[in-house]
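Peer 1: please work out how this folds:
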Amino acid sequence: MERYKIQYLPVGQLVLNPDNPRLIRDAGFKRLVKSLKECPSLFDARPCICSDRIGSLVVMGGNMRLLAAKELKYKEVPVIIMSGLTPEQEKEIVIKDNGTEFGEWDLDLLSGWSDLPLADWGVDLPTTWLSDEPTEGIKEELERYKLIFDFEKDDASFVQTALHKDCNKNEEEMDEHWRERCLIRLLKKLK
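Peer 2: From the prediction side, this is the model:
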């Protein structure tokens with residue numbers, strides 16, 4: 001496995017990828033600039049990823065960070081250069097670095113961070129973020145059961161696992177009320 005090292009290169013040596021399909025527009029770009037200004041060390045941890053295949057350093061990952069750095073008048077930016085890539089490998093890196101959503105936010109855990117500017121940091125929050133009000137359909141279902149849970153710590157882990165299994169099995173949409181819908185399904189099975 002090849003190890004890459006971070007180099008600090010003049011901004012002018014990097015070329016924006018003209019075929020980059022990932023964009024950050026207007027307010028999103030302003031948030032990125034603000035984020036980079038407030039936390040520049042994060043750029044060091046997520047440098048631009050460049051290919052040297054055509055003789056110049058074309059950015060595959062970090063085009064918007066590079067634009068934000070230019071906006072902030074950076075002279076140098078952190079860069080990792082990947083050599084010997086095929087055009088197909090470059091495209092794969094562009095997509096995987098820029099836009100693949102492998103994960104999701106656990107909104108229950110994230111609610112403990114609600115005092116932070118999560119939206120400004122790029123977290124896509126649902127419109128009912130931190131709302132105590134479930135949707136009408138879920139309210140009606142929950143009214144039928146009126147349960148009070150008294151868990152030991154180990155039991156809570158078991159219930160969480162059961163909810164995730166049900167969610168995956170039923171291809172549940174992961175919005176802020178997925179746990180309630182899964183719990184309702186599980187409770188119906190116990191009837």
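Peer 1: where does this structure dip in pLDDT?
Peer 2: Filtered on pLDDT under 70, the chain yields the residue ranges 1, 99-103, 127-179, 182, 190-191.
Peer 1: quick one: list the elements packing against the longest strand along the chain.
Peer 2: For the chain, the longest strand by residue count, based on DSSP state E, is strand 76-82. Packing contacts for strand 76-82, counted by 3 or more C-beta pairs under 8 Å, 6 or more residues apart in numbering; DSSP states H and E, involve strand 7-10, helix 41-45, strand 48-51, strand 57-61, helix 63-71. In this view, the C-beta of every residue, glycine as well, is placed from N, C-alpha and C.
Peer 1: go again with 6 Å.
Peer 2: strand 7-10, strand 48-51 (3 or more C-beta pairs under 6 Å, 6 or more residues apart in numbering; DSSP states H and E).
Peer 1: mind listing what's buried in it?
Peer 2: Val77, Pro78, Val79, Ile80, Ile81, Met82 (16 or more other C-beta atoms under 10 Å).
Peer 1: how about stretch 33-41?
Peer 2: Val33, Ser35, Leu36.
Peer 1: show me these that map onto helices.
Peer 2: Mapping the buried residues of stretch 33-41 onto helices (DSSP state H) picks out Val33, Ser35, Leu36.
Peer 1: got the buried residues of strand 76-82 as a markdown table, with distance to Asp115 columns?
Peer 2: As requested, the buried residues of strand 76-82 are exported to a markdown table (distance: C-beta to C-beta, whole Å):
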| residue | distance to Asp115 |
| --- | --- |
| Val77 | 32 |
| Pro78 | 30 |
| Val79 | 35 |
| Ile80 | 34 |
| Ile81 | 40 |
| Met82 | 39 |
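Peer 1: which one of the residues you listed sits closest to Gln13?
Peer 2: Val79 (8.2 Å; C-beta to C-beta).
Peer 1: need the contact list for the closest one.
Peer 2: Each residue near Val79 by C-beta atoms under 6 Å, 6 or more residues apart in numbering is listed here: Gln7, Leu9, Pro47, Cys48, Cys50.
Peer 1: just the buried residues of these.
Peer 2: By 16+ other C-beta under 10 Å, the contacts of Val79 give Leu9, Pro47, Cys48, Cys50 as buried.
Peer 1: dump the longest strand of the chain to PDB, keeping only the CA atoms.
Peer 2: What follows is strand 76-82, C-alpha atoms only, in PDB (Å, rounded to 0.1, in the frame of the first residue of the first chain):
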ATOM      1  CA  GLU A  76      -0.400  27.700   0.100                       C
ATOM      2  CA  VAL A  77      -2.700  24.800   0.600                       C
ATOM      3  CA  PRO A  78      -2.200  21.200   1.800                       C
ATOM      4  CA  VAL A  79      -2.100  18.700  -1.100                       C
ATOM      5  CA  ILE A  80      -1.700  15.000  -1.600                       C
ATOM      6  CA  ILE A  81      -0.600  14.100  -5.100                       C
ATOM      7  CA  MET A  82      -1.700  10.700  -6.500                       C
END
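Peer 1: could you give the angle of it to strand 57-61?
Peer 2: 90 degrees (axes from the mean of the first three to the mean of the last three C-alpha atoms, to 10 degrees).
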